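Visitor: Here's my sequence, what's the structure:
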Amino acid sequence: MKRIIFSAVLLASISGFAQETASVNVSANAATASVTLNEGSIIKVALNDDISGKEVSVGQKINFSLSEDIIQGNYIVLRKGLKVVGTVTEAAKSKGLGKKGKLSFSIDYLYLENGKVVKLRSDITKKLNGSGALVATTAVLLTPLALFVKGKNAKYEKGEVFEAYVDENTTI
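Guide: Predicted coordinates for the structure are as follows:
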């Protein structure tokens, strides 16, 4: 009886070792194979700092990071946290008469650990509802002091997640 139990335990451990070795080899082969990010694939990125239309200027670079792992098949091909860079395309602070601020930017490039760069495309615009008509009406009816009421500034907070798209098929 002891021989049967010993043989069963030995056989189970050998088959477990064989399965573990096979899965390691499959993973190693997948890691060395080239992977292509297809045009239009969604890449989610998180903003690294707070930004506001009154504090940034057109052309200024904005830093993001990859907000989640990119998985193809059963493999993680890009790890969360990779550097992503965007550019401010429109910025304006709020003004009197309740005129709202503006803030737009694009998400441009994903930088890989191996030095490759993936071109991305997006267009993010902060849309705020202005209160100019309300302020003007109040000013006429009540007091000219209402003319000094400022609109709301357009801003995004650190950690906010945005979607960008791979601009062209890219082998990584």
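Visitor: what about the protein, any weak spots by pLDDT?
Guide: For the chain, residues meeting the criterion pLDDT under 70 lie at 1-33, 95-99, 126-152.
Visitor: From the recorded domain assignment, give the ranges for it.
Guide: 1-33, 36-171 (automatic domain parsing).
Visitor: From one end of stretch 58-67 to the other, what's the distance?
Guide: 25 Å (CA to CA, to the nearest Å).
Visitor: got the residue ranges for the helices in the protein?
Guide: Per DSSP state H, the chain carries helices over the ranges 2-32, 132-141.
Visitor: And Leu82, how far from Tyr111?
Guide: 6 Å (CB to CB, to the nearest Å). From N, CA and C alone the C-beta is placed, and that goes for glycine too.
Visitor: Next: Leu120.
Guide: Counting by CB to CB, the separation of Leu120 from Tyr111 is 11 Å.
Visitor: Between the two, which has more neighbouring residues?
Guide: Neighbour count, other CB atoms under 10 Å: between Leu120 and Tyr111, Leu120 has more, with 25 against 14.
Visitor: Just give the nearest non-adjacent residue to that one, would you?
Guide: Nearest residue to Leu120, sequence neighbours excluded (CB to CB, 6 or more residues apart in numbering): Ala164, at 4.2 Å.
Visitor: In this structure the one you found contacts Ile70, no?
Guide: No - assessed by CB atoms under 8 Å, Ala164 is found out of contact with Ile70, at 11.9 Å.
Visitor: Common neighbours of those two, please.
Guide: Ile43 (CB atoms under 8 Å, 6 or more residues apart in numbering).
Visitor: Now for the closest residue in space to Asn169 that isn't next to it in sequence, how many residues are close by?
Guide: Nearest residue to Asn169 in three dimensions, chain neighbours excluded: Glu39, at 5.2 Å (CB to CB, 6+ apart). By other CB under 10 Å, the residues close to Glu39 number 13.
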